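In: From the sequence below, what's the structure:
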Amino acid sequence: MKEKTFFVCQNCGYQSLKWLGKCPQCSEWNTMLEERIEEEEEKRGFVSASKPIPFTEIKKEEEERINTGLKEFDRVLGGGTVKGSLVLIGGEPGIGKSTLLLQIGNFFAGKGKKVLYVSGEESLSQIKMRGERLGIKGDTLFLLSETNLERILEETENLKPDIFILDSIQTIFSMKFSSPPGSISQVREVANQIFYYAKSNLIPSFIIGHITKDGTLAGPKALEHIVDVVLFFEGDRNHHYRVLRVLKNRFGPVSELGVFEMRAEGLIPVPNPSSFFIEEKVENEPGSVIFCTLKGSRPLLVEIQALISSSPFVGNPRRMTVGLDHFRTSMLLAIIEKRLGYSFSGDDIYLNVAGGLTIEEPAADLAVISAIISSVKNKPLSSETIILGEVGLAGEIRSIIQLETRLKEAFSLGFKKAVVPLSNLSSTKGKSIIEGVEVYGVKNIKEAINILF
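Out: The predicted model follows:
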């Protein structure tokens, strides 16, 4: 064995033989740390026993879905977890990641399966206190407080669990490297070893990951490529609701969303999140519009809010957006000024998606414009109206996907009127798609504003 020294960027994983003050790959300062790696004198080649197989001769195997006991969690995973899958869950400290996985472990233990919960951050007594609060009584839920990877794998081989949970990957270290826990080489090695173990033994495995100050998963991007599923747990710790969204899923759709309520007894799935996102909407208030967004296969009603006020900063008004794309919002403001004749040169503009949700789809364009005009005119929109449509630079309203799905969700919650792209109604000649909902098809933003105001 021989020892080799590298300087590795802790932000992006770039390697250099000498120390650098600034990483040439990600341009971050003071992120290059020295890491010593032991290597074998002779490189071993990779020997594979498999042979190329024609595509037509490959047999399709259906992945068996395993229920986790939380319907919202199963929805995000695509119907449940899969044997041999490795799921990474990230989120801010205290958001409820450990609580979520402890509940899942308790569910599997209640089904008679062996569950190994490894904690590198908390003592066994701390986990015991949380477990008693959550009502955990599983006899087959085994706890291990350990940070040494080799020791964890040894105990895992002895116990042979059916479910493996690791909290968290940044606290675990391997004796192969002299670098501290949480470094690039350590995180990569721990993830690879758990991945190999999960795949070779067909054990569903879950690992918790920390996030950086800018809200991304800590560690190298290679960590996200190693695992099968990447989930992000987010929400305001001062509020009861938590949102679980999927960033990557090899076994199901992406962009799915799960909503939970944090209570004393743990995380409770919210079966109808649309009502949660609009339940605190103020009636007859200017600048408030309801829009239906799609998160995977799920339609969600959200409230888009706009506030226009005179700016005290002459020549430099503020443009603030929360939950909306800032650059697309600037484009919509330019369309309003050009096509509708409004001027915002002396106004501060604040836009917000209530409930902490982020909307990225262009189908929200018309709703954003309507909220802005409502605030400018100081006229509220009807509380039973939903607005949908993408807006082009010429002011035209373009078609959107899955209009019927969105309208059904709005209709189920009592909405009676909808303003939608006329092109979506071409097949029905402008008539209502859903009985009981008054649907207006519009070609451009002038028609939409005339109908709404």
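
In: For the rest of this, base every contact and every neighbour count on C-alpha atoms.
Out: Will do.

In: Low-confidence stretches in this structure?
Out: Residue ranges of the chain with pLDDT under 70: 1-3, 36-50, 212-222, 236-238, 314, 426-436.

In: can you give me how far the longest helix along it is from the chain middle?
Out: Looking across the chain with DSSP state H, the single longest helix is helix 184-201. Offset of helix 184-201 from its chain centre (C-alpha atoms, centre = their mean, to the nearest Å): 23 Å.

In: what's the angle between the helix or strand just after it and helix 184-201?
Out: Scanning forward in sequence from helix 184-201 by DSSP states H and E, the next helix or strand is strand 205-209. The directions of strand 205-209 and helix 184-201 differ by 160 degrees, with axes from the mean of the first three to the mean of the last three C-alpha atoms, to 10 degrees as the criterion.

In: Run me through the strand neighbours of strand 205-209, direction for each.
Out: strand 86-91 (parallel), strand 163-167 (parallel) (DSSP bridges).

In: so which helix or strand takes in the most centrally placed residue in the chain?
Out: The residue lying closest to the centre of the chain (C-alpha atoms, centre = their mean) is Arg245, at 3.0 Å. Using DSSP H and E, Arg245 maps to strand 241-249.

In: Go through that strand and flag the buried ones.
Out: Neighbour counts over strand 241-249 (16 or more other C-alpha atoms under 10 Å) mark 241-246, 248-249 as buried.

In: Kindly report the same for stretch 389-402.
Out: Buried residues in stretch 389-402, counted by 16+ other C-alpha under 10 Å: 389-392, 395-400.

In: which outside residues touch it?
Out: 332, 335, 339, 362-367, 388, 420-424, 442-446 (C-alpha atoms under 8 Å, 6 or more residues apart in numbering).

In: Could you identify the buried members of those residues?
Out: Buried members of the contacts of stretch 389-402, scored by 16+ other C-alpha under 10 Å, are 332, 335, 362-367, 388, 420-424, 442-446.

In: List the ones among these that fall in helices.
Out: Judged by DSSP H, the subset of these located in helices is 332, 335, 365-367, 445-446.

In: Make CSV from those residues and add distance to Ile349 to it.
Out: What follows is those, written out as CSV (distance: C-alpha to C-alpha, whole Å):
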residue, distance to Ile349
Leu332, 12
Ile335, 15
Asp365, 16
Leu366, 17
Ala367, 15
Ile445, 20
Lys446, 21
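
In: just the residues you listed now: which is nearest Phe411?
Out: Ala367 (17.4 Å; C-alpha to C-alpha).

In: what pairs with the nearest residue to the closest one once chain neighbours are set aside across the strands?
Out: Closest residue in space to Ala367, ignoring its immediate chain neighbours: Ile387 at 5.3 Å, by C-alpha to C-alpha, 6 or more residues apart in numbering. Assessed by DSSP bridges, Ile387 has beta-bridge partners Val419.

In: Quick check: Ile387 vs Leu425, distance?
Out: Using C-alpha to C-alpha, to the nearest Å, one gets 14 Å for the distance from Ile387 to Leu425.

In: Looking at the two, which is more packed in?
Out: Legend: neighbour count by other C-alpha atoms under 10 Å for Ile387 and Leu425, higher for Ile387 (27 against 19).

In: and the more buried one, what is it in contact with?
Out: 289-292, 366-367, 418-420.

In: Check Gln186 too.
Out: 172-174, 177, 179-180.

In: Can you lay out the residues you listed as CSV showing neighbour count and secondary structure?
Out: What follows is the contacts of Gln186, written out as CSV (neighbours: other C-alpha atoms under 10 Å; DSSP: H, G, I helix; E, B strand; the rest coil):
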residue, neighbour count, secondary structure
Ile172, 26, coil
Phe173, 25, strand
Ser174, 20, coil
Phe177, 17, strand
Ser179, 18, coil
Pro180, 16, coil
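
In: Which member of the residues you listed is positioned nearest Glu283?
Out: Once C-alpha to C-alpha is applied, the member of these that ends up nearest Glu283 is Ile172, at 51.3 Å.
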